[in-house]
Structures are given as C-alpha cells and as structure tokens.
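> Predicted model follows, preceded by the sequence.
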Amino acid sequence: MRSKPLSLLLMSTIVCCLFSGCGKNGNDAATAPENNGSTEAAQNSSSDSAGDKSAENSEAVSLYDGVPTLVLHKASKYEWNEDNKPYIKHYYSYLSLDKEYAASHTELAKNINDVRDDIEAHEYDYYTLSMEEAKEYDDLTFECSWYTYLRRADSKYISFVNECENAGTFDFNVLSYIAHSYYVDSGKEIMLTDIVADEEAFYDLLAEKVKKNVDETLSDYIGELSNLDKEGIKKSIKTCMQGTGCAWTLDPQGVTFWFDSNVFSPFSTANTVFFSEDKDGKIFKEEFAKDIPDEWIMMMPGGDKTYFDEDDDGEENTVNSSEITEYNPDFEDYYVSGFMISYEDDYKKYKGEEASSYFIFLMHKDHKNLILESHYEYDYALISAYPLVNGKIKQGDTMLAGLEYAWDEADEDEDAAPFYMPTGTNDIRVLIDEGGEEHDVKADTISVSMDGELYKRGEESAFDGPKSEEDLFAFMEGEWSLVNPVTLKDYGHMEIKSDGTFTYGYTGSDETCTGEFTPDHQYPGEKNVPLSFSVNVSGIDKMTFADNGYYEPDDGKDTSNVKLYYGSCDKEDFIYMEETGNGDSFMGSVLFQDQSSVDGSFSLSSNSYLMHRKSSDTIEAPANTGSFYAWVWKADDKGLWAQEMKPLTWDGENEYTLNCFTAAAFEPKQMSAAYYKYSDGINKKLLLNGQRLEMEYPRYMCRLSIGLDGSINDIEEVDSAFYGIYDLGDLDPEISYDGLKFNYNGTTFDLEGKGAGNAILDVYHAYGKEIVECHVNPHTSLYYIFDKFRGEFCEEPIDGTNLTWLDDDFTTAIYAQKNEVRDLCGDFMFAVDGEEISDLEFTDGGKKVKCSYYVNGYSDVEEETFEMPERRDAAMNAYCNYVDSGRAGDYRKFMEYVPEDAAFLAVTDPQIWTRDLFFLSDMLEPTAVNYVMVVALHDNSVVDVYKGGETCTATEYLDKGKSSMYKMTVSETMPLYTVKVTTDEDGKETTTEWPVTEFSGETYQHCSFISR
C-alpha cells in the first residue's frame, strides 16, 4: 500500500526546509568526499571485513554470533488547548545499545546516541515552529512522527532508517528520511563507497527501479507518468546524494534508497538494489556482496513497499505493513486500531482493542519468510506470526506475550518503557502472561519457526512424542480396542507389533485377519515421523460380516491408504485412523466398522475409526494460551481435551471444481492433550459440526482461541476438502480470456454457446465467484457468474451495466438497466432522471450509491447520490453462500443471524445466481413463477406443505442447515399455501406454521425467521 494522500499543509515550505535538514545528516554519511570514504572503507576492510578470516570463510561464520543487543525507545509529546483537544502531537522513537554491550562498543554506542540527539533536536525545532503556527491556526492539529526502523543487525553491521512523517491537514503526507549504517566492531559509519564498487552501474540499476516505481505511483493516484526519464532520475539521485532528499540503508540483501516526498512526486519512494543483481560481481565490493545472511530480521517503514528476495532466487518480492488508524467521534480524534499486512497481492487486516503501538518485523530464514507482530492491548499482550507463502499471508501461532520492557535501559526522563528488540528468530525477549485473574507475567525468551510456530524457551525440543518411524511403531505396539463413538462400546481389537504388522478381529469372536501398516508419506512436509500409511490386510475370507451389500474380495485381501493421528489424554492413549482415498474400500467400509451399525453418525460406509487403550503413563500437557490448531480427542459438558497440532501445507486443487486452495494435513505439536473449559461466550450452535462436541469422542479438528483465564473464547472449525485433506483457504486462480473463451486454472470454457455477445471485456473477482463481463452493445453487457465452488457457470446471466458490489461480497451487488438500478433479486432500487446510467459507486458503507448518468441526449453527464432501500435479506444471502461453499465459516455467518426462538427460515425467490444451487422438492404449479424455500434450523425437522387444509407434498425430513424448495405462487394477501414445520427440542414437539405470503410491503424482503 503506497503512502496515502492526506496533507500538504499551509506550512509545507517550512516543513520541507526543516525536513531537508532531517535528510541531510543521513546523506552526509552517504556522500562524504570520495577520498575520505575510500580511505575509511579501506581502513574498515582490514578491521571489520578482512579480519573475518577472508571472504571465502564468511558463509561458515554465523553473523548472529555477537549481534548487538538493541533497545527501542518510544516517546510522545502533546500540547492541549482550552477545549482539552490536542493541537500538537509528536511521536518519535530511537535505538540504543544495552548498557553492557555499549560498555564494550563505546564508539558504536556514541554514534547511535548522537542519532537520538539529532532526532530529538529536529523534534524540538519543529515543536517550536508548531507552537508559533498554532497561534495563527488555532483550529488545526500539528502532528508529526519520527519513527526509527531497524533494517539490519548482525555481528558485522547495523543499519536503520528514521521516517519523518508530517500528517498535516490538507492534501498529502510529507515524508523525509535519515539513515545510518555502522560497522559493529569499530562503530564507524559505513559510506556508500565502502559498499559500491561501480557507482555508475549502481545508479543505472537504481534509476531504472525508481523510474518504474514513480510511474506506477503517479499512475495509481494521479493518472499520469513522471516527466523524468531514466537519465533524469539518475541525475536527480546524484543531486540528492550531494545535498538532501534521500537516505540509504545497508539491508541484509542489498542497499535500499529512501527518497523524500516531492523529490520525484508528492509521494515518498523507496527501492532496493540487491546484491544478487550484481551478476558479474562488479557493482558491489566483495566483502559486502558475500556477507548475505541466511537469517535476518527487519522493520518496514510505511511510506512505501519493502522489497526483498523471499527465496533467495534473485527475484524481487514486496511486502508492507503499517498501523491502522480510525476516527473516534466521541473524542474527535484518531486512534491506532490495528495493523495491516500487504504481501504481493494478498492483504490481511487485524483489528483489536485500542493499542498504543504495534511492533512489526519481517523475518527471513532457510528461504522462508514471516511477519512477527507484537502489541499490548489494555491488560494483555499478543505476539502473532504470519508466514508469507507463495504470495499468501498465512495465520501462524498466537501467544499471550509481548516484547519485554527494558526499564533498566531507560533514560532518567523517559516516561514510557523501552523494549528489547528481536534481532533473530531465537532468544526473543518477552513478557509472558501466566494466566489467571491477576495477569501475572514473567520474563522469558521465545523462538519462532518459519512455519509460524511460537515456542517458549526449551519447547523447541520438548516434543514428548515419536521422533522417528521406529518411535511411532513403539508407541503403537500393543493391544488396542476399536470403539463406537456413538454407543461408546468396544467392537473390535487390534494387536500391533513393533514392525507395524497387526492382527485384527471383532470383540467376542475368534475370527481374525492380519495386516500391516507401511509408511508412504503421501503429504508434502512429512519428515521423520510418518502421518500417512498404506494398509494391507489378508485373511478377510476367514471372517464373518453383517449383510452389507459390499463385494467381498475373493482372495481375502484388500488394501487402502490412511492417515493416523495419535495422542494421549485423561489416562488413555488414542489412535485415529481415516481413509484418504475415496472411502470405498472393503476394509474401510466393512472390515474396520462396527458390525452392529447403530445410526448415521457411525455406520457402514463411514471411513474413520477410533482406537484406544488405558494408559497409566499419560501426562496431561500444560494448558496453552492464544490461538492454535487442535485435535479434540474427548469432551464433556464443561470443556474438552485438545491436542495442539501443526499444519503441513501445500498448494492443492479440487479435481472436480478446479478450485485452488491451501491444502493441509496435521501432525501433533505435542503428544498429550490439555483440558480447556468453555467460556460463557461459546455458542456451539454456530458450529457446522458442533454436535460432535456433544459426544465423548468428538474426533474434531479446529482452531482454538484460549483466553487469559485458560478458558476457550472461540472455536473455529477447519474445513475438510477431500481424501483426508483440509482446506485452509482459497488461492488465487490463474485466469485469462480471449474472445469468448474463458480460461480458469488450465480449463477453457467457451461462452459462445451461451449467446454471450461478441467478446469478454473483463473478469472481476468476488468471494467464491469470478464475474465475466461480455460486451453485447454500447448500452448493455451480459455478466456470467463462474462459481468456483462448483466449477461451472451459473445458469442465468445478469443483463445490464455497471455491476458493482461491496468489498468481495457479491450478494450486495446492484446493476443498471438503462436509467434504473436493481439488485440480484431483480428488485427495483431507484431510477435517475436521465437517459442512461454510466457509473455506480457505493458510499457510506453501502447505505448510499453515487450515480453518474447521461442527460440531454447523451451530451452531458450528471452525478447524484441516492439512498439505498433498506435491505433485509442478509440471512438468506449468508445461507446461500454457505450452501455454495459448504464451509464452516460461511455456516457460522448464517447462524449468527438466527434468533433464539426461530423454528426455521422461510425464503421466497432468492438471488438469481442461486437458482441452480437447490434441488426442487416439488412443483406445486407448473405455471408458478415463485420459488419458496424452507431452511431447517434444528435436526430432525419435519416439513409439510398444506393447501386447503390438506397436505399437497411429500413430507420432507431435514437436519439443521438443510433445505427444501417448492415452486408455487406467493400471494400478496390471502395465502394459497401453508408451510408447517415440526421440531423436537428437549423432548418437546412443536409445530410452527407459516402462511405463504409476501413478507412486507414497506421494502423488498425475501426471507424471514419464523418463530415458534
């Protein structure tokens, strides 16, 4: 996200002059006379670079041995007017060495402290100017920040940049930069000439990058390109280096230049020249080009993107992260409400309670990357990890902890606590919340894995379960009972040997067969301990089975593929086995099943099985806090036993729908499960498979959020994909088009047969859909809706123009037909007094629509804003989204609309794209134009339709979340039909009636909850 246009200021001339001073200090270091720079570089080459045994040994030496201990200080200064409103708001931060390290590196400590003094001097100068300006402009707030961002810290070099941002009051933010880079041992400042061997080649490459960046920025915000060519950019860079306007940092992978606002455009600009781009080894000096650490950490100023090489392949990647501010009308002021991450084309936003600041770090190790974020919110703190994988931001672990306060390192006049800065993935100093009402904290260190896992000190190697294939078979060795999770009765037994072979039979029977577990590592990321196996059995023909209709193998042999979960809790060991094929093998559908087959929740054709045994050695895991993936082994009325799990992820594709998603399998992060109580806020009715938590053995994968008191604050279900694989979210599809041919993830759909006009104009994305606009004539288009969850186009297109919707929610869409605007139910929203609508845009969160339209015979365009009619169909639309995706998150969104006393949801004529989602239960009138749908909100709902006191359809039996649809006439007044739904809650049977009529004459309404 680029710097947003906020303010240029009445006093921009004063500010820019002052900020030029800000930039000058950083550039003096970068542009010292070349002979001095060369002399210093030569001196430092012998003392700081060549002294490390020579360049060829640099890769063998860890740059994190002897890394400085850094402390980040943050300060603020306010002045308040008579109305108790701030008219001056200043914020700044600076780095220091901890006292012990500073004592042994006096020159480095002195130089870093001089930078602090410089920042404070600039703040004071601007404070003095602001006080004078405030006398003239007493209704303005003069806000400015000088935030310091660490860019590199290892045993050889330290580099940081200070971004000075004037929030101003009018058009654009004004940003300027100072930056410094130092040799750690000598403490001397690094000159650009120390790093760069061929300045002309360096500036050529930098100018090319800056030109592209500036053109993109100006095009995005102003619709124009820069009037400078590459040579003009290069000349301007050299001019800045001789005076003011830019600064540079020595980053882990290259050199980044930071250009002030108004150098190339009203916006700031940053670009990185990577060491890896020096293919011939001529641009950079060898001692720097070869000191590229495998592990590094940096912070990201918000003025422009941060450029990095995510997998060390020489290709440039982009990331940005910054705080989010929102306006509080009660205090008439802005506050920090969260933060955002932008990585390639993906975007994630976190909004919590008000926090003073967020600490955000980009980490790199083993060709992997993640964002580590830490902040304090009132009485608790959070640290979260967000792995950056293949252009997507993933959710890693969350821990109730925050960066450790460094009061011992504070200056005497500091009011706010400084923090110890992380400089790598290990030994991050934190304060960990120990839980309980008192919120006691203790100082500790944590580490973060590049897969997003957070570990307290010592936990990295504390896994108490199998660490190899042999260890797993040693755990599995012995006698196990297969239990029916419905009846809680054991029905089978399996004796497993240490080599993975087993003998299997039914409880109370002497008949047995034999088999073997063979690890086959089906999932990417499986390492020493297998998760997936092939299972081969023989001797089936010597066993007796219930009548089941399945073909029994003549040779008595069968094979299948399974995944295994294993763990311990409540003095029991468990193995969960699930088929990962299509679930139709004889062993999966018959052999390993309870032959008494009790009901639909566990019966023949099920493809999962639970084994258990008593264990006197079970050690319950310590309760966790924060958010983590978990497998639930057991549950009772008050809580559940959950084993923390970690995902193995890869890019997957549904072979039937073509939808690409983040596929996952899970393996244990700890062997034992911990017990967690439900908090008062847990509502299992929101969970798609929440009934499993009513069972003693839920067999349930989820993501738990644990509060400070150790109780469960939230449960998020993990969606199943197929064949034992989980779905952790969509990946961007590969889309192209040519003429009327639409290409989606390698498959071509020809729209010519649909009468789709003469060419595809564009493709737009919304949740679960790709909307293909086809040109018909200058006055109309056809919009074809590709449903990614079904892998096909919806039957009916939308005929109109200017189709638009809020965010990525397609159900909010409206479109124009000539001078009228309609929604996706075809309902009339409003009309304009003109010939034809040329543009539609939602404003005020969707409550209003800004509309441009032609008048005077298409010779002029007028603009008008219209109030949208109240839209009351959110529950219907949420339900349709759930039926389309089948995802637990969409089910939850629907259930959040359901009132406590609702018996069912009644729907008439849902949106056009949903018509082929639902099976028509009955057509009561061949010529009827209305569709009526009944959505069950309770299991075992019985649905009947009456006409004239007699049933006129077959009785439907629906479980919660299922529906039936009928084609009938919906009258405006006297109903022709009555729907009756009978539910049984806690043994009490209730029948609820709905006379089928339109819901309201005040505004369009297509759904209503019918209460008992």
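Cool, the structure landed.

> Need phi/psi at the residue lying closest to residue 555 once chain neighbours are set aside.
Closest residue in space to residue 555, ignoring its immediate chain neighbours: residue 541 at 7.4 Å, by CB to CB, 6 or more residues apart in numbering. In this view, the C-beta of every residue, glycine as well, is placed from N, C-alpha and C. Reported as degrees, to the nearest 10, the phi and psi values for residue 541 are phi -70, psi -10.

> Show the contacting residues for residue 317.
Residues counted as contacts of residue 317 (CB atoms under 8 Å, 6 or more residues apart in numbering) are 307-310, 344.

> I'd like those laid out as a markdown table, including neighbour count.
Listed next are the contacts of residue 317 as a markdown table, based on neighbours: other CB atoms under 10 Å:
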| residue | neighbour count |
| --- | --- |
| 307 | 20 |
| 308 | 24 |
| 309 | 22 |
| 310 | 21 |
| 344 | 15 |
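
> Tell me which entries of those lie within strands.
Secondary structure defined by DSSP state E assigns 307-308 of these to strands.

> Of the contacts of residue 317, which pair is most distant in space?
The two members of those with the most space between them (CB to CB) are 309 and 344, at 13.1 Å.

> what's around residue 573, how many residues?
Neighbourhood size, residue 573 [other CB atoms under 10 Å]: 21.

> could you check the distance from it over to residue 614?
8 Å (CB to CB, to the nearest Å).

> re the thing from before, between the contacts of residue 317, which has the least confident prediction?
Within the set of those, pLDDT is lowest for residue 344 (87).

> same for the longest strand belonging to the chain, what does it pack against?
Taking DSSP E as the criterion, the chain has its longest strand at strand 639-653. If you count contacts as 3 or more CB pairs under 8 Å, 6 or more residues apart in numbering; DSSP states H and E, strand 639-653 packs onto strand 557-569, strand 626-635, strand 660-668, strand 674-677, strand 700-706, strand 726-730.

> Report the mean confidence score over it.
Here the average pLDDT along strand 639-653 is 91.

> Check stretch 987-1000 too.
91.

> can you give me the strands for the stretch 351-500 of the chain?
Under the criterion DSSP state E, counting those that start in this stretch, the stretch 351-500 of the chain contains strands at 358-365, 368-377, 380-389, 392-393, 398-399, 401-403, 419-420, 428-433, 441-448, 454-456, 478-483, 490-496.

> just checking, what packs against the fifth one?
Same thing as strand 398-399. strand 380-389, strand 626-635.

> so can I have JSON lines of the ones you listed showing mean pLDDT and mean neighbour count?
Below are the helices and strands packed on strand 398-399 laid out as JSON lines (pLDDT from 0 to 100; neighbours: other CB atoms under 10 Å):
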{"stretch": "strand 380-389", "mean pLDDT": "88", "mean neighbour count": "22"}
{"stretch": "strand 626-635", "mean pLDDT": "93", "mean neighbour count": "23"}
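
> if we can go back for a sec, would JSON lines of the strands of the stretch 351-500 of the chain with distance to residue 668 be doable?
What follows is the strands of the stretch 351-500 of the chain, written out as JSON lines (distance: least, CB to CB, whole Å):
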{"stretch": "strand 358-365", "distance to residue 668": "23"}
{"stretch": "strand 368-377", "distance to residue 668": "22"}
{"stretch": "strand 380-389", "distance to residue 668": "19"}
{"stretch": "strand 392-393", "distance to residue 668": "25"}
{"stretch": "strand 398-399", "distance to residue 668": "19"}
{"stretch": "strand 401-403", "distance to residue 668": "23"}
{"stretch": "strand 419-420", "distance to residue 668": "32"}
{"stretch": "strand 428-433", "distance to residue 668": "23"}
{"stretch": "strand 441-448", "distance to residue 668": "19"}
{"stretch": "strand 454-456", "distance to residue 668": "15"}
{"stretch": "strand 478-483", "distance to residue 668": "18"}
{"stretch": "strand 490-496", "distance to residue 668": "18"}
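
> And stretch 204-213, what's buried?
By 16 or more other CB atoms under 10 Å, the buried positions in stretch 204-213 come out as 205-207, 209-211, 213.

> go on, stretch 581-597?
Those would be 583, 585-595, 597, for stretch 581-597 by 16+ other CB under 10 Å.

> How about stretch 83-103?
Those would be 86-98, 101-102, for stretch 83-103 by 16+ other CB under 10 Å.

> Can you tell me which of the residues you listed end up in strands?
Short answer: the buried residues of stretch 83-103 in strands (DSSP E) are 86-97.

> how close does residue 540 get to residue 550?
Taken as CB to CB, the span from residue 540 to residue 550 is 11 Å.

> actually residue 70, not the one I typed
66 Å.

> By mean pLDDT, flag the weakest helix or strand of this structure.
helix 12-30 (a mean of 34; mean pLDDT, DSSP states H and E).

> where do the contact lists of residue 540 and residue 550 overlap?
In contact with both residue 540 and residue 550: residue 586, using CB under 8 Å, 6+ apart.

> higher neighbour count, those two?
Taking other CB under 10 Å, residue 540 and residue 550 do not tie; residue 540 has more neighbours (22 against 15).

> my guess is residue 338 meets residue 324, correct?
Yes: the pair residue 338 / residue 324 is scored as a contact, 4.4 Å apart, by CB atoms under 8 Å.

> who's more crowded, these two?
Counted by other CB under 10 Å, residue 338 and residue 324 do not tie: residue 338 has more neighbours, with 17 against 14.

> Which strand or helix spans that one?
strand 333-343 (DSSP states H and E).

> what's near enough to touch the closest residue to residue 891 other than its chain neighbours?
Leaving aside its sequence neighbours, residue 891 sits nearest to residue 688 (CB to CB, 6+ apart; 4.2 Å). The contact partners of residue 688, taken as CB under 8 Å, 6+ apart, are 717, 888, 891-892, 961.

> Could you rerun that using 10 Å?
Counting by CB atoms under 10 Å, 6 or more residues apart in numbering, residue 688 touches 717, 719, 882, 886-892, 894-895, 960-961.

> Then residue 984?
Residue 984 neighbours (CB under 10 Å, 6+ apart): 938-942, 990.
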